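A.B. asks: Structure for this input, please:
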Amino acid sequence: MKIVRYRLDDKIGYGKLCGQTQKVYPVDGDIFGDYTISGEGVDVHQVQLLAPVVPSKAVCVGLNYKDHIAEFGMATPESPVLFIKPTTAVIGPGEEIVRPALSQRVDYEAELAVVIGKTAKDVTPEQAWKYIFGYTCANDVTARDLQIPTGQWTIAKGFDTFLPVGPHIETELDPSALRVRAILNDTVKQDTNTKYLLFDVPYLISYISRIMTLLPGDLILTGTSSGIAPMVRGDQITVEIEGIGSLTNPVR
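C.D. replies: Numbers count the residues shown, from 1 in each chain. Now for the predicted structure:
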């Protein structure tokens, strides 16, 4: 099932997207609890798709693909490298990524994102699947020139608009072997598969939940592969994930 968050006129709500008819059917109730699908469908082109979730936090994993680790000439971590992006970084499909004045190099990073479905604390890897609501595309935008000299990942990755997410949440998906690509304008820049993750999805959920409580709607970004490069004004960046779809954002 594909879940979207959308704006129609002055109202914002969740809906179910029917892939065959491309219509959005309104959701009544709590998307992470009890809800019903009601009302008549509206053509998806009549609504503005928003970031499909508003997380309390986005927990991101760095250095989770070996080719990306080699790209930076760094040692393979023995445990997940974590950082958090603020909610003010979240934008939806079609919204602009804004290059900040403080940075001269802003990179894309295509990633599979996990959407948490219910409160998770101290769960085991075996239990982790019960806490997943679904999956979506994410772009861990990074001011690379501010990350490497200072080592401050929060500064480099925390700017407003630096977390495009969408276009929807896919609730029925096996994340273990999905093709993930980044396409800058018309050129494929990143092309990997989640089977190459050092730390897989259930391990990450378990590990993170032993550090902090994960809440419904929280995001876990699973890491990026080699092929990162800068974006400039006028570029268009697309994150494409098998089984989910494509998330496209312009750059200014």
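A.B. asks: excluding its backbone neighbours, what's nearest residue 155?
C.D. replies: Nearest residue to residue 155 in three dimensions, chain neighbours excluded: residue 146, at 5.4 Å (C-beta to C-beta, 6 or more residues apart in numbering). (C-beta placed from N, C-alpha, C; glycine too.)
A.B. asks: Check the secondary structure at the one you found for me.
C.D. replies: Residue 146 carries the three-state label helix when classified by DSSP: H, G, I helix; E, B strand; the rest coil.
A.B. asks: OK, contacts around it?
C.D. replies: Remark: with contacts taken as C-beta atoms under 8 Å, 6 or more residues apart in numbering, residue 146 is in contact with 102-103, 152, 155-156.
A.B. asks: out of these, who has the most neighbours?
C.D. replies: The most crowded member of those is residue 156, carrying 25 neighbours; neighbours defined as other C-beta atoms under 10 Å.
A.B. asks: tell me which element residue 68 falls in.
C.D. replies: Assigned by DSSP states H and E, residue 68 belongs to helix 66-72.
A.B. asks: cool, residue 204 as well?
C.D. replies: Residue 204 is located in helix 201-209, with elements delineated by DSSP H and E.
A.B. asks: re earlier: would you quantify the distance from the residue nearest to residue 155 to residue 162?
C.D. replies: Separation of residue 146 from residue 162 (C-beta to C-beta, to the nearest Å): 11 Å.
A.B. asks: What of residue 122?
C.D. replies: 30 Å.
A.B. asks: Which one of those two is surrounded by more residues?
C.D. replies: The residue with more neighbours, out of residue 122 and residue 162, is residue 162; 24 against 10, by other C-beta under 10 Å.
A.B. asks: returning to what we had before: next helix or strand past the helix holding residue 68?
C.D. replies: Assigned by DSSP H and E, the successor of helix 66-72 is strand 81-85.
A.B. asks: contact partners of that following strand?
C.D. replies: For strand 81-85, contacts defined as C-beta under 8 Å, 6+ apart pick out 57-64, 140, 153-154, 157-158, 162-163, 208, 211, 221.
A.B. asks: repeat that with 10 Å
C.D. replies: With contact meaning C-beta atoms under 10 Å, 6 or more residues apart in numbering, strand 81-85 is reached by 55, 57-64, 69, 74, 138, 140-141, 152-154, 156-159, 162-163, 198-199, 204, 207-208, 211-212, 219-221, 223.
A.B. asks: tell me which residues in it are buried?
C.D. replies: Along strand 81-85, the positions that meet the burial threshold by neighbour count (16 or more other C-beta atoms under 10 Å) are 81-83, 85.
A.B. asks: Please work out the average pLDDT along it.
C.D. replies: Per-region confidence: strand 81-85 scores 97 on mean pLDDT.
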